[in-house]
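A.B. asks: All I have is the shape, not the residue letters:
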């Protein structure tokens, strides 16, 4: 039986990225030494780091005034690192899910933190509207995609919408799924394990001129060495993201994954594919009498698709889960905060998998109506 991976955590990875990484574990760059054993100070590895950064620049059109960093600790560590580096007096946060709430919690340790709006009142099933960002905020933080609840901000906000406050975004789960106008952001960060590689490496895209501006804060000033982005963005190219030993296997797999995206046609083509996959599944959720989506339609994510049993069919939940499992559907159980089901259609999830899930839902409806 073929397995179809819809897991929301570690992402589906391109087969060629997996295969090439396996080869590199045995022999990296024709050195006879595996990628897990190689010194990160060898010319071959330094070149791979530079090539990986260049792939990020090419795919997202990242200007030279931004640095691309590969760090450890996951996006959760960035919840602390962002305010540590940027919050002098006040920060503003849009609370659209659990991860956005956790990010704001960390910011409160460094200074005044304003929640401009929250959708917690309806289990984060929508993206709030009509909020105002304080003009004196040091930055405005958003989480572009909410994996648990299946909502997404699928556009880059203009400065006029946010009172000309610097925009910061956690793009952990939708980076590389669509074009992004990086120039509209001061900083973008995220864990790799949704679209650009395995867990263990975190990307940070930061405008260089915003660093080192903490002046008025008494706590954590000066910054500890490892927390300070400037440590990892040293001008000497050989030191970028290599103040300490980087997670070499994870970065190598990121490199291979981004090569695959570029070969496919880049983020523009990736977006077309993702929209097609997403529409296919949402159309079935909306058509099928046994299921109902949990996110408001205009806020729906194209990465994470959340749905539950329709009224009157709640007692069929376990039956559908077992039915889907028998047909190779893996990872469709919804998060405990929402219940029901969640199908994550990250970049490397093939349309074949979506078609199989849709067929599974149709078959279940026919057998149980």
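C.D. replies: Perfect, I can see it now. These numbers come from a predicted model, not from an experiment.
A.B. asks: can you give me the strands in the chain?
C.D. replies: 4-5, 66-71, 90-95, 112-118, 140-143, 145-146, 151-152, 167-170, 187-191, 202-207, 291-293, 304-309, 329-330, 341-344 (DSSP state E).
A.B. asks: where does the stretch 101-250 of the chain dip in pLDDT?
C.D. replies: Scanning the stretch 101-250 of the chain for pLDDT under 70 picks out the ranges 235-238.
A.B. asks: how about the helices in it?
C.D. replies: Using DSSP state H, counting those that start in this stretch, the helices of the stretch 101-250 of the chain run over 229-232, 248-264.
A.B. asks: thinking again about what came up before, what's the most buried one of the strands of the chain?
C.D. replies: Counting by mean count of other Cβ atoms under 10 Å, strand 145-146 has the highest mean neighbour count of those, with a mean of 28. Every C-beta, even on glycine, is put in place using the N, C-alpha and C of the backbone.
A.B. asks: about what we covered before: any chance of the helices of the stretch 101-250 of the chain in a markdown table, plus distance to residue 359?
C.D. replies: Putting the helices of the stretch 101-250 of the chain into a markdown table (distance: least, Cβ to Cβ, whole Å) gives the following:
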| stretch | distance to residue 359 |
| --- | --- |
| helix 229-232 | 47 |
| helix 248-264 | 25 |
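A.B. asks: Might you report the residue contacts of residue 33?
C.D. replies: By Cβ atoms under 8 Å, 6 or more residues apart in numbering, the contact set of residue 33 is residue 27.
A.B. asks: CSV for the helices of the stretch 101-250 of the chain, including mean neighbour count and distance to residue 116?
C.D. replies: Conversion of the helices of the stretch 101-250 of the chain to CSV gives the following (neighbours: other Cβ atoms under 10 Å; distance: least, Cβ to Cβ, whole Å):
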stretch, mean neighbour count, distance to residue 116
helix 229-232, 19, 25
helix 248-264, 21, 33
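A.B. asks: Which stretch among those approaches residue 95 most closely?
C.D. replies: Among these, helix 229-232 comes nearest to residue 95, with 24.3 Å by Cβ to Cβ.
A.B. asks: Not counting that closest one itself, show me its contacts.
C.D. replies: Contacts of helix 229-232 (Cβ under 8 Å, 6+ apart): 67, 69, 71, 81, 85, 204, 206, 211-212, 225, 240-241, 243.
A.B. asks: re the thing from before, nearest to residue 75, of the helices of the stretch 101-250 of the chain?
C.D. replies: Nearest to residue 75 among the helices of the stretch 101-250 of the chain is helix 248-264; the distance by Cβ to Cβ comes to 13.9 Å.
A.B. asks: I'd like to know which elements the closest one is packed against.
C.D. replies: Packing contacts for helix 248-264, counted by 3 or more Cβ pairs under 8 Å, 6 or more residues apart in numbering; DSSP states H and E, involve helix 15-26, helix 43-60, helix 266-287.
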